[in-house]
Structure formats: C-alpha cells, structure tokens
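my questions concern the predicted model and sequence given below.
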Amino acid sequence: MQKLYNKHLSILQGKTEDILDELNLPGLVIDSGNAHAYFEDDQFAPFRPNHHFAHWCPLDSEHNVIVIRPGQKPALLAYIPEDFWHEHKPVSGFFWSDQFEISEFGDVQEIWQTLSESYSGFAYHGPQAEKAANADLQVNVEGLLPRLDWNRSFKTDYEVFCLEEATKLAVKGHLAAKSAFDIGESELGIHHAYQVSSRTRDHDLPYEAIVCLNEKSAFLHYHDKRDDIRDGDVLLIDAGCQFNGYASDITRTHVSENAHPVFKELLKDMEAMQVSLTKMPKVGMTMADLHWESHIGLAKILIDHEILLDIEAEEAVTQGLTGDFYPHGIGHMLGLLVHDVAGRQVNPEGEEGEPDPRFPKLRSLRRFEVGHYFTIEPGLYFIDMLLKKRKGTDFEEHFNWDLIEELKPFGGIRIEDNILITKKGPRNITREFLAI
C-alpha cells in the first residue's frame with residue numbers, strides 16, 4: 001500500500017499543480033472541516049472529513065489543514081491539543097506521514113494565524129469560508145471546485161486498493177447477514193451480525209445500513225431495523241464498509257423457502273439480468289444507456305411472469321410502466337462519497353451535461369472513462385403508492401392486479417455491485433469477493 005499511496009500522492013500533486021497554474025493561483029489550502037453539534041445540544045454528530053482532504057490524506061479528525069505548494073512537499077498543519085477529555089492520535093508513523101511536511105498545533109487559532117502569515121493569497125477549499133477570508137485566503141475561486149471534483153472521478157491504483165479492502169470488509173458482513181436471515185433473525189439481529197463480522201460501529205459505515213424483511217423491502221431507504229419481526233421470507237440488505245475513507249456499497253436480496261414461488265423466480269431472473277448489466281459498461285457509454293437496458297430487462301421479466309399483460313417490453317418502458325416497479329436510477333459514482341462527485345459534469349470546467357430526455361432525473365450524465373467507479377443496482381418493487389395510480393387509467397388493463405396483490409407482502413428486490421472501468425473493460429470488484 002505504501003508504494004501505491006506514494007504514487008497516488010504524486011499524481012494528485014501533479015494534477016493540482018496544473019489546476020493552480022491554469023487558474024493562476026499560488027497554492028491551495030484544504031481544510032478537513034469541523035464537527036457539528038446537534039441543535040441545542042452539546043453532543044456532536046460523528047465527524048467525517050472533507051472528501052477533498054481525504055483524497056490526499058486518510059487522517060479523519062477535525063481542524064487539520066493540508067497546504068499544496070507547487071514544487072514542494074505538501075504541508076500538513078495537524079491539530080493535536082493536550083486534552084484529557086478526548087484522545088487525539090499522533091500523526092507520525094503512518095504509511096502516509098512521510099509524504100507530508102508536518103507541523104503540530106495545540107490551538108486551532110494558531111493554525112489560522114499560520115495560514116494568514118505564511119499562505120496569504122492561497123485558494124481555500126473547506127467549510128469555513130468566513131474564517132478563510134479573514135485569513136486572507138481566496139474563497140469560492142471560480143472553476144476550482146469542478147476541476148478538483150473532476151480529478152476525483154478517476155481512481156488511482158491506491159484508491160482501487162482501498163475500494164477492494166472496503167469490499168472485503170462488507171462481504172464478511174453480507175455473508176453473516178445471510179446466515180442470520182437463514183436462522184430467522186430479526187432486522188436488528190441481522191444488522192448486528194453484519195457489524196460483528198465486518199468489525200464496524202454504526203459511525204464506521206459509509207451510510208446507514210438498510211436491512212428489510214418482507215414488505216419493508218419496498219421502502220428504498222428503510223432504516224427502522226425492527227427487532228420484533230423474525231423468520232422473514234425476504235431479506236433486502238443494502239450495506240457497505242469503509243477503508244481509509246473509501247466506500248463499498250453492496251445490496252443483496254435473499255428469500256426463504258416460504259417465499260411466494262413467483263417472487264423466487266423473479267429474484268433468479270433479476271440476478272441474471274443484473275449480472276448481464278455489469279458486463280455492459282464500456283468507454284463512451286452513458287449511465288442513461290445502461291439505465292435503458294435495465295428497464296428493457298425488467299420489462300421482459302415482468303412480461304414473462306405475467307405481471308404486465310398484453311404489452312411489448314419497449315412500450316412498457318416508454319410509457320413509464322416499468323418505472324412504477326423501478327423508481328430509482330441504475331447507479332451512481334462511488335468513492336470517498338457514497339454518491340460521489342462530478343457525475344453530472346462533462347468537462348473539468350464544470351459544464352453539466354444535458355439530461356437524457358428518457359430519464360431526466362439520473363444522477364450521472366458522464367460518459368464512462370477508464371478509472372470511473374460506480375454502482376449498478378437495478379430493482380423491482382411492489383410499491384402501493386406508485387402502482388395504485390395506474391388504476392382508472394388507460395394502462396390499468398396491463399397490470400395483473402391479483403398477482404401484484406399476492407406479491408406485495410414480499411416487498412421488493414435490489415441487487416447492487418460496484419464496477420470499475422478498466423482498459424480491458426468493466427471489472428466487477430464486488431463479485432470478485434462475493435459470489436452470492
């Protein structure tokens with residue numbers, strides 16, 4: 001990992017120097033950020049560093065600052081106060097430490113004073129724009145953020161390594177979750193099994209895990225984790241892990257022998273369709289193209305199982321019928337953020353692409369390039385609030401309402417893998433470690 005990280009930092013230094021030259025900036029200050037208290041409370045929400053700070057350094061504590069200077073080793077102004085209430089870990093001795101010129105500070109104001117005295121005129125990126133302006137740093141520099149975001153969308157070998165490690169951790173949790181489901185555990189019990197096996201606390205997870213039994217699988221972001229419902233017929237679990245700040249985002253759906261026979265067949269067909277989709281991405285393709293293929297695949301499944309009647313697959317898609325069963329996008333960029341940056345940009349300057357008229361709300365408008373990392377997660381759900389709107393319309397006759405009613409108690413299906421575009425084609429990192 002050491003060599004991968006050193007090369008990663010060298011790449012970031014070179015790309016950032018190009019940005020500074022292009023925008024005529026003397027340097028760049030990146031603030032890790034600061035923790036925020038809950039409203040009218042002295043308890044703080046779990047801290048997560050600014051993702052652009054994490055792009056350079058996996059130090060995950062507040063008030064730290066990185067300074068990028070052309071032709072010089074990056075400086076790390078580290079906040080390490082004397083404190084008996086909280087532990088502040090040292091910043092020396094890590095695999096990344098030698099790549100920085102480190103100065104330690106016991107007071108936050110000393111850091112800002114140093115920035116004012118030594119780095120006046122540098123551009124600033126972080127959450128404390130007012131303080132930065134008072135320290136004579138340039139804030140909200142036009143064109144800076146889209147260029148930084150653009151560079152974040154191309155994963156280096158170090159980043160791919162971290163994404164692999166995050167996947168391995170999540171796989172341990174997913175296997176344990178399935179075992180817990182198989183023995184009849186509750187949603188909360190399944191969640192605990194995931195965390196024990198992946199060795200994670202709640203705030204270690206890149207997002208709150210979604211653990212649904214039965215009908216709750218029809219809620220896309222269900223978080224209740226009931227403890228009183230056991231022996232489920234369906235489990236949908238959407239959960240990831242982090243490694244050095246990089247996230248995995250994996251979803252699996254499992255069924256018991258008691259699930260509706262049609263639902264079990266739907267799951268088999270959805271699994272096959274999802275695997276076929278993960279092999280499709282190539283350089284130049286758009287997320288909208290992939291989303292179209294997922295809707296066509298879903299339409300065929302719905303027609304094959306007589307959930308949709310007397311309609312061709314393409315018409316079912318163009319008329320929005322598949323959208324009633326599949327109301328979200330096919331995927332999103334993934335990395336230091338779960339819904340990662342620059343998905344709508346078409347160039348480093350920040351120009352956004354035109355939404356595809358077929359699917360105007362998709363998160364990503366990019367054409368795939370080597371180094372892009374994203375999810376592929378088609379779904380099939382029985383959501384009453386969406387389906388009932390078709391009653392009394394010209395399309396009502398195309399829905400097999402009796403079968404839909406039988407399938408509603410089983411909620412829905414989602415299967416999600418994480419894909420890297422390489423020179424050789426798409427690489428499904430999830431399936432390398434998780435066969436189920």
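Cool, got the structure. Numbers count the residues shown, from 1 in each chain.

poorly predicted segments of this structure, please.
The chain contains no residues with pLDDT under 70.

and it, what are its domains?
Domain assignment of the chain by automatic domain parsing yields the ranges 2-152, 157-433.

mean neighbour count, those: which tops it?
Of all the domains of the chain, domain 157-433 has the most neighbours on average by mean count of other Cβ atoms under 10 Å, namely a mean of 19. Any C-beta I mention is one placed from the backbone N, CA and C, and that applies to glycine too.

distance from the chain centre to that domain, please.
12 Å (Cα atoms, centre = their mean, to the nearest Å).

endpoint to endpoint, it covers what distance?
When the termini of domain 157-433 are compared using Cα to Cα, to the nearest Å, they are 18 Å apart.

do the same with stretch 423-430
In stretch 423-430, first residue to last residue: 18 Å (Cα to Cα).

quick one: contacts of it?
For stretch 423-430, the surrounding residues in contact (Cβ atoms under 8 Å, 6 or more residues apart in numbering) are 160, 163-164, 167, 248, 250, 278-282, 370, 416-421.

in helices, which of the residues you listed appear?
Of the contacts of stretch 423-430, the ones assigned to helices by DSSP state H are 160, 163, 164, 167, 278.

how about the fourth one, what does it touch?
Residues in contact with residue 167 (Cβ under 8 Å, 6+ apart) are 241, 248, 250, 418, 429, 430, 432, 433, 434.

so which two of these are the farthest from each other?
241 and 432 (15.3 Å; Cβ to Cβ).

residue boundaries of the helices in the stretch 51-200 of the chain?
Counting by DSSP state H, counting those that start in this stretch, the stretch 51-200 of the chain has helices at residues 51-56, 108-118, 129-134, 144-152, 157-182, 187-198.

which of these sits closest to residue 322?
helix 157-182 (27.3 Å).

angle of that closest one against helix 187-198?
Counting by axes from the mean of the first three to the mean of the last three Cα atoms, to 10 degrees, helix 157-182 lies at 140 degrees to helix 187-198.

name the helices or strands packed onto whichever strand or helix holds residue 291?
Assigned by DSSP states H and E, residue 291 belongs to helix 287-304. Identification of packing neighbours for helix 287-304 by 3 or more Cβ pairs under 8 Å, 6 or more residues apart in numbering; DSSP states H and E yields helix 261-278, helix 313-318, helix 321-325, strand 379-381.

among the helices of the stretch 51-200 of the chain, which is nearest residue 324?
Minimum separation from residue 324 across the helices of the stretch 51-200 of the chain (Cβ to Cβ) falls at helix 187-198, 25.9 Å.

need the residues that contact that closest one.
Under the criterion Cβ under 8 Å, 6+ apart, residues 169-170, 172-177, 179-181, 185, 200-202, 209, 211-213, 216, 224-227, 229-230, 232, 235, 237, 239, 241 lie in contact with helix 187-198.

how far away is the residue positioned nearest the centre of the chain from residue 238?
The structure's the chain has its C-alpha centroid closest to residue 338; by Cα atoms, centre = their mean the separation is 1.8 Å. From residue 338 across to residue 238, the span is 11 Å (Cβ to Cβ, to the nearest Å).

thinking again about what came up before, would a markdown table of the contacts of residue 167 with distance to residue 147 be doable?
Formatted as a markdown table, the contacts of residue 167 follow (distance: Cβ to Cβ, whole Å):
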| residue | distance to residue 147 |
| --- | --- |
| 241 | 30 |
| 248 | 27 |
| 250 | 31 |
| 418 | 25 |
| 429 | 27 |
| 430 | 30 |
| 432 | 32 |
| 433 | 34 |
| 434 | 35 |
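
sorry, back to before: which neighbours do residue 338 and residue 238 share?
Common contacts of residue 338 and residue 238, defined by Cβ under 8 Å, 6+ apart, comprise residue 249.

distance check, residue 299 against residue 313.
Per Cβ to Cβ, residue 299 is found 4 Å from residue 313.

let me fix that: residue 10
Here the distance between residue 10 and residue 313 works out to 49 Å (Cβ to Cβ).

what of residue 224?
Remark: distance between residue 224 and residue 313 (Cβ to Cβ) = 35 Å.

same thing with residue 334?
Distance, residue 334 to residue 313, using Cβ to Cβ: 29 Å.

residue 6 now?
Residue 6 is 51 Å from residue 313, by Cβ to Cβ.

please apply the same query to residue 406.
Residue 406 sits 23 Å away from residue 313, going by Cβ to Cβ.

same check on residue 346?
Distance, residue 346 to residue 313, using Cβ to Cβ: 30 Å.

repeat that for residue 136.
Remark: distance between residue 136 and residue 313 (Cβ to Cβ) = 61 Å.

repeat that for residue 79.
Separation of residue 79 from residue 313 (Cβ to Cβ): 58 Å.

then residue 1?
With Cβ to Cβ as the criterion, residue 1 and residue 313 are 46 Å apart.

what's the answer for residue 19, then?
46 Å.

now swap in residue 436 and tell me
Distance, residue 436 to residue 313, by Cβ to Cβ: 28 Å.

so what's the residue lying closest to residue 366 once chain neighbours are set aside up against?
Computed as Cβ to Cβ, 6 or more residues apart in numbering, the closest residue to residue 366 that is not its neighbour in sequence is residue 343, at 6.0 Å. Counting by Cβ under 8 Å, 6+ apart, residue 343 touches 153, 287, 332, 333, 363, 364, 365, 366.

you'd agree residue 343 is in a helix?
No. Secondary structure assignment (DSSP: H, G, I helix; E, B strand; the rest coil) places residue 343 in coil, not in a helix.

so what does it have for phi and psi?
Phi and psi for residue 343, reported as degrees, to the nearest 10, are phi -70, psi -30.

distance check, it against residue 144.
In terms of Cβ to Cβ, residue 343 sits 18 Å off from residue 144.

before we move on, what about residue 66?
From residue 66 over to residue 144 (counting by Cβ to Cβ), the distance is 15 Å.

which SS class is the nearest residue to residue 327 once chain neighbours are set aside?
Leaving aside its chain neighbours, residue 327 sits nearest to residue 386 (6.2 Å; criterion: Cβ to Cβ, 6+ apart). Three-state call for residue 386 (three-state DSSP): helix.

gap between residue 386 and residue 320?
Look at residue 386 and residue 320: by Cβ to Cβ, they are 10 Å apart.

same check, this time on residue 221
From residue 221 to residue 320 the distance is 22 Å (Cβ to Cβ).

repeat for residue 130
Counting by Cβ to Cβ, the gap from residue 130 to residue 320 is 46 Å.

now residue 213: how far from residue 188?
Residue 213 sits at a distance of 10 Å from residue 188 (criterion: Cβ to Cβ).
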